[in-house]
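>>> What follows is a predicted structure for the sequence shown.
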Amino acid sequence: MPLNNRLKEHRARMGINQQQLGSMVGASRQTISLIERGDYSPSVTLALKIARVFGVAVEDVFSYTED
Amino acid sequence: MNKEKKILIRFIAVVVLALGAGFIAGYNSMAFEADIAAQLTYLLDSLVKISPLMMVAGCGIMVVAVSFYIKGRNTAAAALAGDEEKYEKADELLGTAVTVTNRLTIYMFGVFGIMVSGFGTKLSMEDFIPVMISMAVFLVLLIGGSFLQNAIIKQVQKLNPEKKGNVLDSKFHREWFDSCDEAEKAQIGHAAYKSYRATSNAIVGAVLIAVFVSMMTPVGPLPAVLVCGIWAVQFSAYTKAAKEWKNKK
């Protein structure tokens, strides 16, 4: 997967579940689950919203690696 | 040979084959009076005769849909009680229940169309009771299917509170789509494109069959006109939506 993420880790740190994170960023639980599994690459807007909720830079949540 | 040439050759081959099949069928029909119409009529009459049974068989499909719904509802209850692992399973089961219910609706209308085509001609007074039972089954399944879909969607909305819309409302699809997030809208777009391609191919096949049938039977131009009308609607909707998307601010 070229887009790696640390969503689960940050979520655990904040003690929130997928549903709660979804509500905070305007996405569904399924979408959060897809992103965590690396099955969906979020838009820049959504990635920024997620990073803002975690209080970190977007690069701390998502990282890109060449295939 | 490059890709474009291959595509062109395949296209020409399909056109030549279709022309050849049409020519042989037409020549066969006119020169030798091959009774293709009678064979086709026999096949359709047989379908009309067994249509009441086919309608009752729809109850079996309904049982399958209900069983998926019950399993989905129970799994959803476990998910909502705190078992996060169950969410995906509940989504899957409820999704299957919706799919089966939709397929049942298509099946029922198909069988209903076959059955009513025989009223007054192929179905005699002996068939009166089975036909009446089938009509009752049709109504029960139609209403039951709507209630089941409503119950499934309500369950999905419990799992995903952000989802909006009421199945019984004509604005359901729009409200549901509007309440989807970017990933879900992308999924719907992908599925819609696949559906567009599949229906385009099906329509071309249906036009050929409709033209062929109108040549062989006294059915008239209605089937061909109807299919071309659907084709026009599909193409217009696609081009309109594509243009709107392009001009979106």
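Here it is on my side, so go on.
>>> Now whatever residue of chain B ends up closest to chain A: closest residue in space that isn't a chain neighbour?
The nearest approach of chain B to chain A comes at residue B:183, 4.0 Å away (Cβ to the nearest Cβ). All C-beta atoms are positioned from the backbone trio N, CA, C, and that covers glycine. Among residues not flanking residue B:183 along the chain, residue A:31 sits closest, at 4.0 Å (Cβ to Cβ, 6 or more residues apart in numbering or on different chains).
>>> What confidence value was assigned to that neighbour?
Each residue has a pLDDT score; the one for residue A:31 is 94.
>>> surely it meets residue B:185?
No. Counting by Cβ atoms under 8 Å, residue A:31 stays clear of residue B:185, with 10.2 Å between them.
>>> Looking at those two, which is more packed in?
Legend: neighbour count by other Cβ atoms under 10 Å in any protein chain shown for residue A:31 and residue B:185, higher for residue A:31 (25 against 12).
>>> can you pull the contacts of the residue of chain B closest to chain A?
Contacts of residue B:183 were listed using Cβ atoms under 8 Å, 6 or more residues apart in numbering or on different chains, and they are A:27, A:28, A:30, A:31, A:34, A:35, A:40, A:42.
>>> Can you tell me which of those residues is nearest residue B:51?
residue A:30 (40.2 Å; Cβ to Cβ).
>>> so where's the longest helix in the chain?
Went with chain A since none was named. Longest helix in chain A by number of residues, with DSSP state H as the criterion: helix A:44-54.
>>> Not quite, go with chain B.
Taking DSSP H as the criterion, chain B has its longest helix at helix B:36-80.
>>> what's the helix or strand just after that helix packed up against?
Counting by DSSP states H and E, the next helix or strand C-terminal to helix B:36-80 is helix B:86-116. For helix B:86-116, the packing partners by 3 or more Cβ pairs under 8 Å, 6 or more residues apart in numbering or on different chains; DSSP states H and E come out as helix A:29-37, helix B:36-80, helix B:128-159.
>>> Let me know which of those is tucked in deepest.
Most buried of the helices and strands packed on helix B:86-116 by mean neighbour count (mean count of other Cβ atoms under 10 Å in any protein chain shown) is helix A:29-37; its value is a mean of 21.
>>> what is the orientation angle of it with helix B:36-80?
Using axes from the mean of the first three to the mean of the last three Cα atoms, to 10 degrees, the inter-axis angle of helix A:29-37 relative to helix B:36-80 is 80 degrees.
>>> Give me the contacts around stretch B:54-68.
Against stretch B:54-68 from outside (Cβ under 8 Å, 6+ apart): B:47, B:93-94, B:96-97, B:100-101, B:103-104, B:107-108, B:111-112, B:114-115, B:133-134, B:137-138, B:141, B:144-145, B:148.
>>> Find the closest residue to chain B in chain A.
Residue of chain A nearest chain B, by Cβ to the nearest Cβ: residue A:31 (4.0 Å).
>>> gap between residue B:107 and residue B:59?
Distance of residue B:107 to residue B:59, computed by Cβ to Cβ, to the nearest Å: 11 Å.
>>> so what pLDDT did residue 45 get?
Going with chain A. Taking residue A:45 on its own, its pLDDT is 95.
>>> nope, chain B please
We note a pLDDT of 80 for residue B:45 in this prediction.
>>> likewise residue B:243?
92.
>>> Just the element for it, please.
helix B:222-246.
>>> now check that helix, is it near chain A?
No. Helix B:222-246 stays clear of chain A (Cβ under 8 Å from any Cβ of the partner chain), getting no nearer than 15.9 Å.
>>> which residues are in contact with that helix?
Contact with helix B:222-246 is made by B:196, B:199, B:200, B:203, B:206, B:207, B:210, B:211, B:213, B:214, as judged by Cβ under 8 Å, 6+ apart.
>>> any chance of these in JSON lines, plus distance to chain A?
Supplementary listing: the contacts of helix B:222-246 in JSON lines, determined by distance: Cβ to the nearest Cβ, whole Å:
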{"residue": "B:196", "distance to chain A": "22"}
{"residue": "B:199", "distance to chain A": "26"}
{"residue": "B:200", "distance to chain A": "28"}
{"residue": "B:203", "distance to chain A": "32"}
{"residue": "B:206", "distance to chain A": "35"}
{"residue": "B:207", "distance to chain A": "38"}
{"residue": "B:210", "distance to chain A": "41"}
{"residue": "B:211", "distance to chain A": "44"}
{"residue": "B:213", "distance to chain A": "45"}
{"residue": "B:214", "distance to chain A": "47"}
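>>> Share the number of residues neighbouring residue A:8, please.
14.
>>> Just give the closest residue to it, not the sequence neighbours.
residue A:36 (5.3 Å).
>>> Let me see the contact set for the one you found.
Per Cβ under 8 Å, 6+ apart, neighbours of residue A:36: A:5, A:7, A:8, A:18.
>>> what's the answer for residue B:145, then?
B:62, B:65, B:101, B:104, B:105, B:108.
>>> Centre of the chain to the longest helix of chain B, how far?
Helix B:36-80 sits 13 Å away from the centroid of its parent chain (Cα atoms, centre = their mean, to the nearest Å).
>>> Nothing else from me, thank you.
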